[in-house]
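Visitor: Just a sequence and a predicted model for now, questions to come.
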Amino acid sequence: MNRILIKNAKIVNEGSIFDGDVLIENDLIVEVADSISLKTSDCIVIDAEGNYLMPGAIDDQVHFREPGLTHKGDIESESRAAIAGGITSFIEQPNTVPNAVTQEILEDKYQIAAEKSFANYSFMMGATNDNLEEVLKTNPKNVAGIKIFLGSSTGNMLVDKEETLEKIFSSTPMLIAVHCEDETTIQNNLAEFKEKYGEDIPVTAHHLIRSAEACYLSSSKAVALAKKTGARLHIFHLSTAKEMELFTNKIPLEDKKITAEVCVHHLWFTDEDYKTKGNFIKWNPAVKTEHDRAELWKALNDGRIDVIATDHAPHTKEEKQQSYLKAPSGGPLVQHAVVAMFEAHHQGKISVEKIVEKMCHNPAKIFKIEKRGFIKEGYFADLVIVNPSLPWSVKPENILAKCGWSPFENYTFKSRITHTFVNGELVYNNFKVKDIRAGKRLLFDR
């Protein structure tokens, strides 16, 4: 029997922090108590004195690039980076090559992950203008949800037929996750900037091309359609102040039919950072203004935004170093997301309890993930120990994403993830990932 006892931790769970011990047997948490006494010969003991013990983070939006784009990243490399960052479960998006728009292609991705993933995994089924029949075959018990791109991005899976959208929204009982940017607005803005700059548009224009208006137009339409059809809607990577009026904190999360996500980069960077970071902070949707960022933080803390995710989407450094129009959007984030939020905690922007709520509990609730996202007896032992005062700097030599760069490069974080457990296995310890692929397929209580 694999038995691990974590002692003297500051356990963060369900809105409180308390000192205690956690006992793991095989892949499950079997006891959570103020104090647990066992002979040291019966188990491995880890003293977490002064450190936080939190559930493993669940990242509901990543792009791990396999199959078809593995020069940028793959399930093995990016899941290694994820567990080093305290993310023990991920939900990957369908815009790989080929796009995951048939049940057969979707299942192929699960087979790859079963062999290669260090973290727990699920994959979204992709919707297109003409695959409704395939979408409706999706099994709600073992697939996270349906993904729809309402704005073009990497992989160009744009769904722009109103009739198709309404059919999908009214036909599937599953959670529908959407990327919301209005394509017509973006193309009109792009044409204006091309007229002014030709092919040499500066990256500082990115948030003006993929504008706040483009985001609001699209997300407000999606919300209206969800209300009309009764669909279960989850809006990914919100980036603007105006969109915050579309969401509520007046009802419990369990009763919400429309939920909202924000990504780490929209909470961290602003349009001012384009001057120094350039294409390395070029994302879709774009990083917006300081006012937008401040309103995202406000909505996150007051409950209008439900989840913090990464939209981890690596590209090579060479791809990112091209001109603005040629450089793809996206960047690596899974390794640094949790510590970035702890940095925000040190800055007084968010409590540790709220970090755990938004990165662990709420994704589990929204997607109805079985037995994960909480520190509870009988739940899978996906756990992370965080030392809040052990500084370290992000350097190329400690970046684990295959692309080898990070928008946080040279930043010194105050907090460090010291241990990560996936299904009861200690898979990461102080900058070292063990060669244990402990990840399992996520299952859903639906």
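Guide: Arrived safely.

Visitor: Can you give me the pLDDT of Ile417?
Guide: Listed pLDDT for Ile417 reads 98.

Visitor: To which secondary structure element is it assigned?
Guide: Ile417 is part of strand 416-422 when elements are defined by DSSP states H and E.

Visitor: Direction included, what does that strand pair against?
Guide: strand 383-387 (antiparallel), strand 425-429 (antiparallel) (DSSP bridges).

Visitor: Distance from it to the middle of the chain?
Guide: 18 Å (C-alpha atoms, centre = their mean, to the nearest Å).

Visitor: Kindly format the C-alpha coordinates of that strand as PDB.
Guide: Provided in PDB are the C-alpha atoms of strand 416-422 (Å, rounded to 0.1, in the frame of the first residue of the first chain):
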ATOM      1  CA  ARG A 416       7.100  28.200  -4.500                       C
ATOM      2  CA  ILE A 417       5.300  25.000  -5.100                       C
ATOM      3  CA  THR A 418       7.300  22.400  -3.200                       C
ATOM      4  CA  HIS A 419       5.200  19.200  -3.700                       C
ATOM      5  CA  THR A 420       2.500  18.000  -6.100                       C
ATOM      6  CA  PHE A 421       0.600  14.800  -5.700                       C
ATOM      7  CA  VAL A 422      -1.500  13.300  -8.500                       C
END
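
Visitor: residues near Ile201, how many?
Guide: Ile201 has 18 neighbours, counted by other C-beta atoms under 10 Å. Bear in mind the C-beta positions are built from the backbone N, C-alpha and C, glycine included.

Visitor: And for Ser170?
Guide: Ser170, neighbours per other C-beta under 10 Å, totals 12.

Visitor: With adjacent residues omitted, what lies nearest to it?
Guide: Leaving aside its sequence neighbours, Ser170 sits nearest to Thr229 (C-beta to C-beta, 6 or more residues apart in numbering; 4.2 Å).

Visitor: any idea how far Lys167 is from the one you found?
Guide: Using C-beta to C-beta, to the nearest Å, Thr229 is found at 9 Å from Lys167.

Visitor: Repeat that for Val262.
Guide: Counting by C-beta to C-beta, the gap from Val262 to Lys167 is 29 Å.

Visitor: which of the two has more neighbours?
Guide: Each of Val262 and Lys167 has its neighbours counted (other C-beta under 10 Å); Val262 has more, 27 against 16.

Visitor: Can you list the residue ranges for strands in the stretch 301-446 of the chain?
Guide: In the stretch 301-446 of the chain, the strands defined using DSSP state E, counting those that start in this stretch lie at 307-309, 383-387, 392-393, 412-413, 416-422, 425-429, 432-433.

Visitor: tell me how far the helix or strand hosting Ser122 is from the chain's mean position?
Guide: Here Ser122 sits within strand 120-123, counting by DSSP H and E. Distance, stretch centre to chain centre, for strand 120-123: 12 Å (C-alpha atoms, centre = their mean).

Visitor: Run the chain-centre distance for the helix or strand that it is followed by.
Guide: Going down the chain from strand 120-123, the next helix or strand is strand 125-126, by DSSP H and E. Chain-centre distance of strand 125-126: 17 Å, with C-alpha atoms, centre = their mean.

Visitor: same question, stretch 314-326
Guide: Relative to the chain's own centre, stretch 314-326 is displaced by 22 Å; criterion: C-alpha atoms, centre = their mean.

Visitor: for stretch 94-114, same thing?
Guide: Distance of stretch 94-114 from the chain centroid (C-alpha atoms, centre = their mean) equals 19 Å.

Visitor: Can you show me the helices along the stretch 1-150 of the chain?
Guide: With DSSP state H, counting those that start in this stretch as the criterion, the stretch 1-150 of the chain has helices at 75-84, 103-116, 132-135.

Visitor: Indicate which one of those is closest to Glu295.
Guide: Within the helices of the stretch 1-150 of the chain, the stretch nearest Glu295 is helix 75-84; the backing value is 28.6 Å (C-beta to C-beta).

Visitor: Quick one, grab the pLDDT at the residue nearest to Asp382 when sequence neighbours are not counted.
Guide: Using C-beta to C-beta, 6+ apart and skipping residues adjacent in sequence, the residue nearest Asp382 is Gly56, 3.4 Å away. Gly56 is assigned 98 on the pLDDT scale.

Visitor: right, and Gly56 touches Arg372 too?
Guide: Yes. Gly56 lies in contact with Arg372 (C-beta atoms under 8 Å); the separation is 7.5 Å.

Visitor: of these two, who's got more company?
Guide: Between Gly56 and Arg372, Gly56 has the larger neighbour count (other C-beta under 10 Å), namely 28 against 24.

Visitor: residues contacting the more buried one?
Guide: Gly86, Ile87, Thr88, Ser89, Cys360, Arg372, Asp382, Leu383, Val384, Thr420, Phe421, Val422 (C-beta atoms under 8 Å, 6 or more residues apart in numbering).

Visitor: now do 10 Å
Guide: Contacts for Gly56 (C-beta atoms under 10 Å, 6 or more residues apart in numbering) come out as 82-83, 86-89, 119-120, 338, 359-360, 372-373, 375, 380-384, 420-423.

Visitor: now the helices for the stretch 301-446 of the chain?
Guide: Here the stretch 301-446 of the chain has its helices, by DSSP H, counting those that start in this stretch, at 317-320, 337-346, 352-356, 362-367.

Visitor: Ile251: which of the strands of the stretch 301-446 of the chain is closest?
Guide: That would be strand 307-309 among those, by C-beta to C-beta, at 16.1 Å.

Visitor: Could you spell out the sheet neighbours of that closest one, each with its direction?
Guide: For strand 307-309, pairing defined by DSSP bridges yields strand 258-263 (parallel).

Visitor: distance between the helix or strand just after the partner strand and the chain's centre?
Guide: Next helix or strand after strand 258-263 toward the C-terminus (DSSP H and E): helix 264-268. Between the centre of helix 264-268 and the centre of its chain there are 12 Å (C-alpha atoms, centre = their mean).

Visitor: what sits against the closest residue to Thr248 other than its chain neighbours?
Guide: The spatially closest residue to Thr248, leaving aside those adjacent along the chain, is Arg304, at 6.5 Å (C-beta to C-beta, 6+ apart). Applying C-beta under 10 Å, 6+ apart to Arg304 gives the contacts 238, 243-250, 259-260, 262, 295-296, 298.
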